[in-house]
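Chemist: what follows is a predicted structure for the sequence shown.
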Amino acid sequence: MSRVMWKGAVSFGLLHAPVALYPASRQDEVDFDWLRRDTLQPVGYKRVVKETGEEVGKDDIVKAVKYEGQYVVLSDEEIKSANVKSTHTIDIVAFTDAADVNFLFFETPYYLAPVKGGEKVYALLREALLKAKKIGIALIVLHNKQHLAALIPTQQAIVLNTLRWATEVKDTGDVDLPSEGLKAAEIKPKELTMATQLIESMSESWDPGQYRDTFRDDIMALVKKKHDEGLAEQISDVKVEEPEEGTNVIDIAELLRRSLQGTAKRTPRKAGTQKAPPPKAARTRSRPAKTVH
């Protein structure tokens, strides 16, 4: 059973349902430990005073906000008391089409589940969202921070996905991008047609189970190889070839033609394997501060 991240109620209009929030994702990656190079002793994370390097126990750490040159210390209870309702409520403020929310805004998913007494209102909200083909836009306080969130219905559950604030999403002004439009980007109609055909030939139904973290697999294969060869504690000097810089002096149409030929030779892929997907017929388309308690 997943651990409860948050408990409160989801409210929309005059309805509210007691709910609990559960993690909907997990980390599945290589867990690198930090070691001291000469002794291979584990190196851990420490809570230390920045100025002196003195280690501080968890119970001796308090939260504070710097305000006009001074630190104002706040307890967890004081933080919650600033707005009791917001810390216990998922307040739906609007409904919108999911397609209208740019994917750049999505952060972390959680499962929202009803607790005793909230089952019917929860189910009503889920079914109404599905029927209306809408998602809810809500506010929630998690870990002493308010988040914008999307309530997204599935056939079984309501998923709460935290969203970035508008001020947290950068625009493309600082990024060097090709000009908009076919003519400005010097794209030929034939190139566009072939690129569209390639996309169509590689298109398939979404099945996340058929993809693997191949980088993790390769790292673990290297770990096993070094262990089996008795080289576990040695660091090898390996020359890594950097990818070459791109160039515009290429025959794009020829590369597209060869790519389309390659898709016709692909074999069907089974879930969990690393093979290519089955082909489809090609179609065109600072200083210490004073502390105030």
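Modeler: Great, that's in hand.
Chemist: mind listing what's buried in stretch 92-105?
Modeler: Within stretch 92-105, the residues that count as buried by 16 or more other C-beta atoms under 10 Å are 92, 101, 105. No exception for glycine: its C-beta is placed from N, CA and C like everyone else's.
Chemist: show me the contacts for the last one.
Modeler: With contacts taken as C-beta atoms under 8 Å, 6 or more residues apart in numbering, residue 105 has the following neighbours: 148, 163, 164, 169.
Chemist: so for it, what's the pLDDT?
Modeler: pLDDT recorded at residue 105 is 93.
Chemist: let me see the domain layout of this structure.
Modeler: As assigned by automatic domain parsing, the chain contains the domains 6-28+79-166, 179-235+248-285.
Chemist: average pLDDT for the last one?
Modeler: The pLDDT scores in domain 179-235+248-285 average 74.
Chemist: quick one: distance of that domain to the chain centre.
Modeler: Relative to the centre of its chain, domain 179-235+248-285 is centred 22 Å away, using C-alpha atoms, centre = their mean, to the nearest Å.
Chemist: just stretch 90-97 next, same as before
Modeler: Centre-to-centre, stretch 90-97 and its host chain are 21 Å apart (C-alpha atoms, centre = their mean).
Chemist: by neighbours, which of the contacts of residue 105 wins?
Modeler: residue 163 (21 neighbours; other C-beta atoms under 10 Å).
Chemist: what's the closest of the contacts of residue 105 to residue 216?
Modeler: Taking C-beta to C-beta as the measure, residue 164 is the one of the contacts of residue 105 closest to residue 216, at 26.8 Å.
Chemist: apart from its neighbours in sequence, what residue is nearest the closest one?
Modeler: For residue 164, ignoring the flanking residues on the chain, the nearest one in space by C-beta to C-beta, 6 or more residues apart in numbering is residue 105 at 5.0 Å.
Chemist: kindly report the same for residue 136.
Modeler: Residue 136 sits nearest to residue 151 (C-beta to C-beta, 6+ apart), 3.6 Å away.
Chemist: just want the most central residue of this structure.
Modeler: Centroid check for the chain by C-alpha atoms, centre = their mean gives residue 107 as the closest residue, at 5.0 Å.
Chemist: quick check, it in a strand?
Modeler: Yes - under DSSP: H, G, I helix; E, B strand; the rest coil, residue 107 falls within a strand.
Chemist: so what's it up against?
Modeler: By C-beta under 8 Å, 6+ apart, the contact set of residue 107 is 147, 161, 162, 163, 164.
Chemist: any idea how far it is from residue 148?
Modeler: Applying C-beta to C-beta, to the nearest Å, the value for residue 107 to residue 148 is 9 Å.
Chemist: what's the answer for residue 99, then?
Modeler: From residue 99 to residue 148 the distance is 17 Å (C-beta to C-beta).
Chemist: also residue 189?
Modeler: For residue 189, the distance to residue 148 - C-beta to C-beta - is 42 Å.
Chemist: and of the domains of the chain, who's closest to residue 50?
Modeler: Distance to residue 50, taken as C-beta to C-beta, is lowest for domain 6-28+79-166 among these, at 21.3 Å.
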